[in-house]
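>>> okay, sequence plus prediction incoming.
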Amino acid sequence: MTTIHLAALVPLLPFLAAVAGLLVGRTAPGFVRPLAVLPALAALALAIAVAVDQSGGRAVEAHTQLTPTGSVPIELALYIDGFAALVAVLVAFVATCVQIYSTGYLRDDPRYPSYAALVSLFTSAMLLVVYSGDLIVLLVGWEVMGICSYFLVGHYWETPEARAASVKAFLVTKLGDVPFLIGLFALATDAGSFRITTVLDTVAGGGLHHPTLVGLLLLCGVAGKSAQFPLHTWLPDAMAGPTPVSALIHAATMVAAGVYFVARLLPVFEASAAVMVVLAVMGAVTMVGSALAALAQDDIKRVLAYSTIGQLGYMTGALAVGDRGAAVFHLLSHGAFKALLFLAAGVVIHAAGTNSLAVMSRTSGLCRRIPDAYWTMTVALLALAAIPPFSGFFSKESVLGAAEHAATGHTAHAPGSAGWIVLVAGLVTALLTAAYATRLWLLAFRGRGTEAPDHGRQPLSMTVVLWVLAVPSLAFGGFAYRSLPGWFDGRDLTPTLTTSVLGTGLALVGGILTYGAWTHTRTRAAGAPLGAVAAHPEADAALVEAEAIATHEPAFGDIAYAPDPADPARLLLGPLRRHAAEGFHLDAVYDTLFVRPVLAAAGLVQFLDREVVDTYVRGAAAAPRLLGAAVRRAQTGNVQTYVSALLAGTVVLAVAVLLVATGA
């Protein structure tokens, strides 16, 4: 088989698995797990084979016309360069780990067949986005991921939180997709084709007529799909879905699609300096704001959700300074350790019986109950905090190094102002990232109080996946920064001395400050009662929990716990903590600016329809109805009445004629 044939099978196998899973899931449940795992493994093997064949060399390309359109043709095209080959391996690898993990995690869930099929379809859609060489075919995968996220986030549809989160994720991403679609059509109109290579050739030849407008329209879709400010608010709420779904969305699909799209079409955005500055500002605000929000969260999954938003901000920042190699390097590194963080968090949640860090901090011995999750999550948090030699250090430093080069004028691909914006925001975020990673580790694994409940050993399918993901989280960065430049336009990814010292130093400061604040507040709270249900003045920041029906995964509910008095975020953030915990009230702003006006307009339309339009309709029907009633009264069925009426009418007519004749 040629490389093209192998590449065509990579997204096709998960798609066929999804179709088969939906068809036989209820009638032959014994086939569900093999149908979920084996096609994902096969797709991973094929993706690796494609990457080996491509080897970072000349792009592999094939195309055929999909349908005649008249002016701008739509083609079924594959375009596989070094970026696409490696990102496809990441997607297939994480999807395989998620499917294996889910066989244990959702082993008692009655809706597991549909869940596994949707995960396969999700994987297939992302692989289509990665390999596609045509923008319309890419858009198909882009939108299929949106509908899959709607169903998977709402998996526990019995809970109102899951239903609301799935609708919010769908609507917010669609809000960005509308201008994104317009931007795609504008881009194809200038290029005369939807093929990515033709579009890039047009940009290189200066044929893009309105680069700023097109770039800003495309950024709207990227902000929605990759959860960047100001369209990021759907991602923390999406934690209402199963934890393996969170791992898939955050590590390799959905949110990675926007970053990958910009990396694939980076020359389009580089054609306008204004767009690059907007991209830099978007990434900087996202980085810092999400890191502050993560530091204030009580739900362990929401901490990781805001963490993902911040790490995507780093990738956006790298793209804003024109270095797509650093962006995709961090995308690959982040995919491994973020998948590990979420899957390990799933084990922690089951062992603790809650998502709440406030409750976990009142529990001792959790690390002894789940040693596999404890050690692997420690590795992932060190990678997240960018502590050398873990993978996150090398990929994050490549981003900071690219920003330094842009700030000092060593690159012509981006304005110097974009470089300074990304560099300063990236360094501040490095400190905050280490702070919230340290806080999560301390509250989850160094609690004091009642002994953690013993729920027995976790299924082997879950613990094995954790250790498999721990390997790239530990070793990928040190290996990759030497070998990946050949795949990524040949740009050097070696960490620079200045940013390495600053970034690592700030990370250590963040971790030490958090540990010191935790020690200080823990000493002061030593005499406070532990594990109490909330009657606390700051209970508004506490998490609520309930048991999900099938998997016993804690979700949102109506039992409130007081925040832990030893939470270091109370000391580190001070009065800012309350606002950061609410995501700086951005949802409230959207509610005021958009939701309430739309609801008011809908109420007005309903009133006009009911009181005005219906009144006219009822009035138009009333006159014929009254006339019919009058005519109906004359139809008695009595022949004598008819004859009497006939005679009376004859007399009336005769008198009338006589009067007329007399008058004449």
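Received it, and whenever you're ready, just let me know what you need. Residues are numbered from 1 along each chain as shown.

>>> CA only for contacts and neighbour counts going forward, please
Noted.

>>> quick check, S102 in a helix?
Yes: according to DSSP: H, G, I helix; E, B strand; the rest coil, the state of S102 is that of a helix.

>>> ok, now which ones touch it?
Contact analysis of S102 by CA atoms under 8 Å, 6 or more residues apart in numbering lists 244, 462.

>>> repeat that for L440.
So L440 contacts 300, 303, 357 (CA under 8 Å, 6+ apart).

>>> need the contact list for the first one.
With contact set as CA under 8 Å, 6+ apart, I300 has these partners: 345, 355-357, 440.

>>> tell me the confidence at it?
We have a pLDDT of 94 for I300.

>>> and it, how far is that from A386?
20 Å (CA to CA, to the nearest Å).

>>> same deal with P242?
Look at P242 and A386: by CA to CA, they are 27 Å apart.

>>> format the contacts of I300 as JSON lines; extra columns: distance to Q65 and secondary structure.
Converted to JSON lines, these look like this (distance: CA to CA, whole Å; DSSP: H, G, I helix; E, B strand; the rest coil):
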{"residue": "A345", "distance to Q65": "46", "secondary structure": "helix"}
{"residue": "N355", "distance to Q65": "50", "secondary structure": "coil"}
{"residue": "S356", "distance to Q65": "53", "secondary structure": "strand"}
{"residue": "L357", "distance to Q65": "54", "secondary structure": "helix"}
{"residue": "L440", "distance to Q65": "52", "secondary structure": "helix"}
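
>>> give me the buried entries from those residues.
Those of these that meet the buried threshold are 345, 355-357, 440, by 16 or more other CA atoms under 10 Å.

>>> so which of those residues would you say is closest to L627?
Set against L627, the nearest of these by CA to CA is N355 (69.8 Å).

>>> the bottom helix or strand of the protein by mean pLDDT?
Counting by mean pLDDT, DSSP states H and E, the weakest-scoring helix or strand in the chain turns out to be strand 544-547, with a mean of 33.

>>> mind listing what's buried along the longest helix seen in the chain?
In the chain, ranked by residue count with DSSP state H as the criterion, the top helix is helix 160-191. Neighbour counts over helix 160-191 (16+ other CA under 10 Å) mark 161-177, 179-181, 183-191 as buried.

>>> stretch 200-218 too?
The neighbour-count check on stretch 200-218 (16+ other CA under 10 Å) flags 200, 202-203, 208, 211-212, 214-218 as buried.

>>> which of these fall in helices?
200, 202-203, 211-212, 214-218.

>>> need those residues in a markdown table with distance to G628 and pLDDT, can you?
Below are these laid out as a markdown table (distance: CA to CA, whole Å; pLDDT from 0 to 100):
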| residue | distance to G628 | pLDDT |
| --- | --- | --- |
| L200 | 72 | 94 |
| T202 | 72 | 94 |
| V203 | 72 | 94 |
| P211 | 67 | 94 |
| T212 | 66 | 95 |
| V214 | 63 | 96 |
| G215 | 65 | 95 |
| L216 | 63 | 96 |
| L217 | 60 | 96 |
| L218 | 62 | 96 |
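
>>> which parts of this structure are strands?
60-67, 74-80, 363-364, 450-451, 544-547, 554-560 (DSSP state E).

>>> averaged pLDDT, the last one. What do you get?
Think strand 554-560. What strand 554-560 shows for mean pLDDT is 39.

>>> start at 733 instead
New numbering, starting at 733: the last item is strand 1286-1292.

>>> related to what we said a few turns ago, please compute how far the longest helix of the chain lies from its chain's middle.
12 Å (CA atoms, centre = their mean, to the nearest Å).

>>> avg pLDDT for it?
Averaging pLDDT along helix 892-923 yields 93.

>>> which elements pack onto that helix?
Counting contacts by 3 or more CA pairs under 8 Å, 6 or more residues apart in numbering; DSSP states H and E, helix 892-923 packs against helix 867-885, helix 928-936, helix 943-957, helix 966-969.

>>> of all those helices, which lies closest to V1154?
helix 943-957 (16.7 Å).

>>> output the closest one as CSV, nothing but the C-alphas.
Below are the C-alpha coordinates for helix 943-957, written out as CSV (Å, rounded to 0.1, in the frame of the first residue of the first chain):
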residue,chain,number,x,y,z
PRO,A,943,-6.0,39.6,4.6
THR,A,944,-7.0,41.4,7.8
LEU,A,945,-10.8,40.8,7.4
VAL,A,946,-10.3,37.2,6.4
GLY,A,947,-7.8,36.6,9.3
LEU,A,948,-10.1,38.1,11.9
LEU,A,949,-13.1,36.0,10.6
LEU,A,950,-11.1,32.8,10.8
LEU,A,951,-9.9,33.7,14.3
CYS,A,952,-13.5,33.8,15.5
GLY,A,953,-13.8,30.1,14.7
VAL,A,954,-10.4,29.3,16.2
ALA,A,955,-11.3,31.1,19.4
GLY,A,956,-14.5,29.1,19.7
LYS,A,957,-13.1,25.7,18.9
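
>>> helices and strands around it, which ones?
Under the contact rule (3+ CA pairs under 8 Å, 6+ apart), helix 943-957 is packed against helix 892-923, helix 987-996, helix 998-1002, helix 1005-1028.

>>> make TSV out of the ones you listed and add distance to A817.
Below are the helices and strands packed on helix 943-957 laid out as TSV (distance: least, CA to CA, whole Å):
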stretch	distance to A817
helix 892-923	24
helix 987-996	12
helix 998-1002	17
helix 1005-1028	25
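
>>> F961 is nearest to which of those helices?
Within those, the stretch nearest F961 is helix 1005-1028; the backing value is 5.3 Å (CA to CA).

>>> ok, now how distant is the nearest residue to P805 once chain neighbours are set aside from T759?
Of all residues not flanking P805 in the chain, S925 sits nearest, at 6.2 Å (CA to CA, 6 or more residues apart in numbering). Distance of S925 to T759, given as CA to CA: 45 Å.

>>> more neighbours, these two?
The residue with more neighbours, out of S925 and T759, is S925; 21 against 10, by other CA atoms under 10 Å.

>>> nearest to A984 among the buried residues of stretch 932-950?
Once CA to CA is applied, the member of those that ends up nearest A984 is L950, at 20.7 Å.

>>> tell me the contacts of the closest residue to the closest one other than its chain neighbours?
Closest residue in space to L950, ignoring its immediate chain neighbours: F912 at 4.5 Å, by CA to CA, 6+ apart. Going by CA under 8 Å, 6+ apart, F912 touches 949-954.

>>> before we move on, what about S925?
By CA under 8 Å, 6+ apart, the contact set of S925 is 804-806, 931.

>>> can you pick the most crowded of those residues?
Ranking those using other CA under 10 Å puts V931 first, with 25 neighbours.

>>> residues contacting the residue nearest to that one when sequence neighbours are not counted?
Leaving aside its chain neighbours, V931 sits nearest to A923 (5.3 Å; criterion: CA to CA, 6+ apart). Contacts of A923 were listed using CA under 8 Å, 6+ apart, and they are 930-931, 934, 939-940.

>>> which one of those residues is nearest to R1342?
Set against R1342, the nearest of those by CA to CA is L940 (49.9 Å).

>>> now do the contacts for the closest one.
Under the criterion of CA under 8 Å, 6+ apart, the contact list for L940 reads 919, 922-923, 934.

>>> try it again at 7 Å.
By CA atoms under 7 Å, 6 or more residues apart in numbering, the residues touching L940 are 922, 934.

>>> just for this protein, where's the confidence low?
Along the chain, the parts satisfying pLDDT under 70 run over 733, 801-802, 1187-1188, 1257-1297, 1396.
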